[in-house]
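Peer 1: Please work out how this folds:
(chains A, B, C and D)
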Protein chains: 4
Amino acid sequence: MQPLKLLSLSIAMLVCHYAVAQTADVSDLPRKGKLLTEIYSSTILKENRLGIDTKRSIKVYLPAGYDHSNKRYPVIYFLHNIFWNNDQMFEDGRVVTLMDRAIVSGVMGEFIMVVPDYKTATTGSLYENSPVSGRWLDHTTDEIVPFIDKKFRTIPHQTSRAVVGEFMGGRGALKLAMTRPDIFSVAYALHPVATGMGELPWAYLRINWQKLFASKSYPDQSLEGIEQIFLSVSQAFLPNEKRPPLYCDFFMEMVNNTPTLLPDNVRKAREGFLLDESLDACADNLRKLSGIALDWGRFDPTYAHVDSNREFSRKLEDLGIEHEAEEYRGNPYDKVWLEDGRFYTRVLPFLAKHLIFAEAASVSK
Amino acid sequence: MQPLKLLSLSIAMLVCHYAVAQTADVSDLPRKGKLLTEIYSSTILKENRLGIDTKRSIKVYLPAGYDHSNKRYPVIYFLHNIFWNNDQMFEDGRVVTLMDRAIVSGVMGEFIMVVPDYKTATTGSLYENSPVSGRWLDHTTDEIVPFIDKKFRTIPHQTSRAVVGEFMGGRGALKLAMTRPDIFSVAYALHPVATGMGELPWAYLRINWQKLFASKSYPDQSLEGIEQIFLSVSQAFLPNEKRPPLYCDFFMEMVNNTPTLLPDNVRKAREGFLLDESLDACADNLRKLSGIALDWGRFDPTYAHVDSNREFSRKLEDLGIEHEAEEYRGNPYDKVWLEDGRFYTRVLPFLAKHLIFAEAASVSK
Amino acid sequence: MQPLKLLSLSIAMLVCHYAVAQTADVSDLPRKGKLLTEIYSSTILKENRLGIDTKRSIKVYLPAGYDHSNKRYPVIYFLHNIFWNNDQMFEDGRVVTLMDRAIVSGVMGEFIMVVPDYKTATTGSLYENSPVSGRWLDHTTDEIVPFIDKKFRTIPHQTSRAVVGEFMGGRGALKLAMTRPDIFSVAYALHPVATGMGELPWAYLRINWQKLFASKSYPDQSLEGIEQIFLSVSQAFLPNEKRPPLYCDFFMEMVNNTPTLLPDNVRKAREGFLLDESLDACADNLRKLSGIALDWGRFDPTYAHVDSNREFSRKLEDLGIEHEAEEYRGNPYDKVWLEDGRFYTRVLPFLAKHLIFAEAASVSK
Amino acid sequence: MQPLKLLSLSIAMLVCHYAVAQTADVSDLPRKGKLLTEIYSSTILKENRLGIDTKRSIKVYLPAGYDHSNKRYPVIYFLHNIFWNNDQMFEDGRVVTLMDRAIVSGVMGEFIMVVPDYKTATTGSLYENSPVSGRWLDHTTDEIVPFIDKKFRTIPHQTSRAVVGEFMGGRGALKLAMTRPDIFSVAYALHPVATGMGELPWAYLRINWQKLFASKSYPDQSLEGIEQIFLSVSQAFLPNEKRPPLYCDFFMEMVNNTPTLLPDNVRKAREGFLLDESLDACADNLRKLSGIALDWGRFDPTYAHVDSNREFSRKLEDLGIEHEAEEYRGNPYDKVWLEDGRFYTRVLPFLAKHLIFAEAASVSK
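Peer 2: The predicted model follows:
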């Protein structure tokens, strides 16, 4: 924002908010980015027991200047939530407009954004590697990233690569930060889930085990959300290839017709699913990143999400890991994708600050 | 930030962080603001029982352009913490540099900042009106604000006036927002205290009552911080002009040599001191403001501050009062006045968005 | 427990747990109480808009000795939860057995227990007085209590009368303690709900307002539990006799097809429903009781219940009101009515300690 | 309590509380226990770098019947808090009276209580094994227990041995439960500390590191409590025999004159000191116990204690470990040793229920 611009606006209007000047109207500017859909045939995802479709669509946002330059750009990988997909994310056009505006108004330099497709027949990926439910992390780092680097003019280096996600995708962003600093150097998790246990023991989660155990096939659309989620958790972290049709064990089993806790399975599921359980082991990886952030809305009706994120930040602090961790008013459903929402005012400036936008090669040309 | 500037910087450097471009180096720019010290002789503060010095210093920051224009400027009133004063606030020069930089880099238009002096012989003002400890709120709105509007080229209207404070000064900022929307239309409380009770009953606060009751004079520098604070709370909210030398009642009194709770006095002190207790009554006032924000650091060792602010935000929400309320990683001692601290990255942009920077009169000239 | 008894048992068994001696086997003892069902025709409940059945059943437990003595007994009034009734409570016989055992083993002297019927066509009573949903508090104190005192040999005095309830009935027990110390002198709330707001603002409760507003009749069994509950809250605390068929206002109304918060109605509903809102006003009443207790299970999946009860206890403490407030491991569904559950090990001993079991009149006979 | 007794009392008094009958007046009964002081010369404690006195006093309570029988008794080992000792514990006679009363009134069968001495020149034992600060756990299990079993008529088996402690001694009781089920089968921790981290990262604890690092000798009585405690934590869990005079490392060290976090040392100290960190590893041990309980006061001014205990209970639950975990109103300082305090109403009945009071050998004599 140039002070000069402010002055001229001030004279034009009798009463003006300074903020008005900050929100450049980009609707009639020619600097609009472009959204492509690529199709990728995955080899890695073939290894699964749940009939996952190995043809994956990939959404790719290219900035306005892409076609008229030979520059290389940093890349943001965005991981979507469960019960969601990368088509829905772009349906109303809001996300592309926000990115166009961010670039035009100088919030951030030009970048590419890639949104792979993590949907499945039920919940979608939990962003893990599992012999039963698929090696989604490997799929991302070993298939998608090389594919994008080959096909587009990216800066093919971790210092110019960020991973961002929301909800379960926020879990994914943190998981990749914790395990693959060779691929990503910046991570931003929007309202991540499964960062910790929260206040409720596993045995008290409102899961209808009778209904879940009565399930005779997969996918079983008659299951409610909570049962679908914990079935996915079980398939990911308690895989059992010898137990069709669900191919997993559970942390509760029916004993004398009563759901009964299996502590060892709780421990395994916990260690796999809840990110704080592997923080100690991953601390050195996290220290290699140049920027780590998470944020979350205070009024998520699932209090465990809020409680866990507070504690996750406390644990990062104890490990001496530099990060940002903001808890904002409201819930994560209505504060992120607004014009002045978290994505525009927090995520993009954070990436702008921590990503490297130029590389020796491209500049020297 | 102009994209052009970014490009030229990119070419100049082999590897650059985009963020570098955001932090303009202002050290050699001529656009430096000016810090004045005014002295104000208060009539209102004469009414007190504690020997308050009625000669008050006022720090006034004028932006670089002030002397070379006949423009009028919005004004930020800043309320400092207890055990602190307005001289200390400017001692290391950091605050003025941040404001200069914010104006030069376009974070905010030019503005005046006023920091009155709320120190006393012990804790300093709690930002209240009390016959015993002084009418500090009235002093601010009825003396300081008119004085500043008369002496400087301010935009003398509430829509161009913000009140900001930290810690107890944050309480002050919220209290003025709750009671004087005719004076201020924007409020930002940095890590406010006394917004609510927290998790601990009053009887369990670690106050050494024996020591406090043994106090034979005021001020008594031998008292520790916690006793000084609750003495100030008592003088402000349980004033008793007939009880020298401390001129107040307490919410505990010695009964048979044991500190014993007086529930009625707890209630009075609570209703006066804790802001959430008067939220219902002040809701209509708050609705008149154009911007309300509070933030706080998660790792304040006094958990009650954190807990209370979370709940204060929840109560604002129930009253349908638009506001921002961010809880950030870290504590409020080391995150606010850094180059990329809360004041620079959160407070000033919030004020920029909600204050009105131009007025009909000045523009029409 | 007599030490002698312990000794003889010790000799009889090679290895014994002391606890064995504590659990007297009463199955073959003749000292079994008796459960009666009375029917009461209510006048007070006629005043309502929801078609409440004014014929109410009352369960009455008489201790084993009742028929063979002319003694008078203290009375425990028990208030059941919503979505529940007084028939269900006695169906499996467990409650009567626990009371028989308590009396035989000396946990408590002989007493009468009365369980009125608070069910309605939907949720059941929230234990309030409402022109729309019925004056249930008045029904209890002005109809049921006199009826019982007339029909049975009670000690007809508040010092020999306790009110106990669980969940919403716990709310009822506390509400009666807060308003009618002339009737009850001892109160025990088992896992009470609605003692405070919890961590979530009203606007964030997962209520399907579209569905609720689409309701065209009352009762509407197609509504889910959460919608039924907040409809009952609205009928109780936002009654509107001119608005058929639901006869109430709401704290959200549809504005432009969007559920929109009405802060004034939030305030009214909050002040009526949440007990902590009227604690200040009721403090003197509570001080008249000889015993107040609440307890709750830590692992209630609705965290707001846990959070609110913690804070309710904190507020009682600030008011200097003596009470017990235990948070126990587990949830309130499976810890209360066990052989060594909360009712047997906490409620009955508390009542034993605070109720008066003998009266001048009966003793003098 | 016999109903008969109640009746006779009822007739004697015009108005009586049932509770009166429960509190037998034992002051004039001949059934008073006896308190001995033994001296034990420890070999194990010789291994330390802090000059620990190896002559340890042991308080032993023998029940009234001890001298007139040849019975064997279960034994309760009681672990006292830091900054406290076993002499102070018995100074006002209250503890012995409570135990006498419990036995007379049948709350519990006759037992022996042993209170070893864990004081040191500074804080006292943290109940750990350390080459620098002493092997206090081994001292307890390998020296004190055999000594007591040899000298007194105990039932020398883990099923008749309980370990109880308060505050840091509560930590000790849990630690022994987690590591030595071969010695103890029942554990009750009264308001244990160090069960978890709480809400505050280590770097934010209010430790005056400058002062601690300036310490030139041990013991250094000029250090405040918090510095003494974390010095003891360091000596216990970051021992360094090559670093006189304090013989330990720290989780903060001065770097460029600034206290700087050493994450690896945080991790080590955390894993050693905080009990929840080793719960997974000790789960099988805990499952061998017949009774595990902890309780704590809600209004401990150190919120971390409350928060940690809540979470510790949640973790036990996830491990499927049966336990009791009550949070009571008030603080742990004034609710435990009252006539109707936690020790009398909770600890002793819990031990009565889970300890085995008779053994084949003694009974058969």
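
Peer 1: which residue does the stretch 251-365 of chain A bring closest to chain B?
Peer 2: At 3.5 Å from chain B, A:Lys353 is the closest residue in the stretch 251-365 of chain A, using CB to the nearest CB. In this view, the C-beta of every residue, glycine as well, is placed from N, C-alpha and C.

Peer 1: Wait, a helix at that residue?
Peer 2: Yes - the assignment for A:Lys353 (DSSP: H, G, I helix; E, B strand; the rest coil) places it in a helix.

Peer 1: quick one: pLDDT of A:Ser8?
Peer 2: A:Ser8 is assigned a predicted lDDT (pLDDT) of 29.

Peer 1: What is the burial count for A:Lys268?
Peer 2: Neighbour count for A:Lys268, taken as other CB atoms under 10 Å in any protein chain shown: 16.

Peer 1: my guess is it contacts A:Leu238, does it?
Peer 2: Yes - assessed by CB atoms under 8 Å, A:Lys268 is found in contact with A:Leu238 at 6.0 Å.

Peer 1: overlap in contacts of the two?
Peer 2: A:Phe251 (CB atoms under 8 Å, 6 or more residues apart in numbering or on different chains).

Peer 1: re earlier: I'd say the residue of the stretch 251-365 of chain A closest to chain B and A:Gly291 touch.
Peer 2: Yes - between A:Lys353 and A:Gly291 there is a contact under CB under 8 Å: 6.9 Å.

Peer 1: Look through the stretch 1-150 of chain A and state the residue closest to chain D.
Peer 2: Closest point on the stretch 1-150 of chain A to chain D, by CB to the nearest CB, is A:Leu126, at 19.4 Å.

Peer 1: how about the nearest residue to that residue, chain neighbours excluded?
Peer 2: A:Ala236 (5.1 Å; CB to CB, 6 or more residues apart in numbering or on different chains).

Peer 1: what about that neighbour, which helix or strand?
Peer 2: According to DSSP states H and E, A:Ala236 maps onto helix A:225-237.

Peer 1: Tell me which other helices or strands that helix touches.
Peer 2: strand A:129-130, helix A:209-213, helix A:263-273 (3 or more CB pairs under 8 Å, 6 or more residues apart in numbering or on different chains; DSSP states H and E).

Peer 1: what element comes up after the longest one heading to the C-terminus?
Peer 2: Tracing the chain past helix A:263-273, the next element assigned as helix or strand by DSSP H and E is helix A:279-287.

Peer 1: cool, the shortest one as well?
Peer 2: The C-terminal neighbour of strand A:129-130 among helices and strands, as given by DSSP H and E, is strand A:134-135.

Peer 1: Can you name the element that comes right after that following strand?
Peer 2: Assignment by DSSP H and E places the next element after strand A:134-135 at helix A:136-138.

Peer 1: quick one: that next one to chain centroid distance?
Peer 2: Here the centre of helix A:136-138 is set off from its chain's centre by 13 Å, with CA atoms, centre = their mean, to the nearest Å.

Peer 1: still on that earlier bit, could you say which of the helices and strands packed on helix A:225-237 is packed most deeply?
Peer 2: Each of these was scored by mean neighbour count; the highest is strand A:129-130, a mean of 20, by mean count of other CB atoms under 10 Å in any protein chain shown.

Peer 1: Which residues of chain A lie near chain C?
Peer 2: In this structure, chain A approaches chain C at residues A:199-201, A:204-206, A:299, A:301, A:303, A:306, A:331, judged by CB under 8 Å from any CB of the partner chain.

Peer 1: for chain A, which helix is longest?
Peer 2: Assignment by DSSP state H gives helix A:303-318 as the longest helix of chain A.

Peer 1: can you pull out the strands in the stretch 101-250 of chain A?
Peer 2: A:112-116, A:129-130, A:134-135, A:161-166, A:186-190 (DSSP state E, counting those that start in this stretch).

Peer 1: and among the ones you listed, the most buried is which?
Peer 2: Taking mean count of other CB under 10 Å, strand A:186-190 is the most buried of the strands of the stretch 101-250 of chain A, at a mean of 30.

Peer 1: Which strands or helices does that strand pack on?
Peer 2: Strand A:186-190 packs on strand A:161-166, helix A:168-179, strand A:291-297, helix A:348-354, going by 3+ CB pairs under 8 Å, 6+ apart.

Peer 1: The residue of the stretch 251-365 of chain A closest to chain B and chain C: what is the separation?
Peer 2: As judged by CB to the nearest CB, to the nearest Å, A:Lys353 and chain C stand 32 Å apart.
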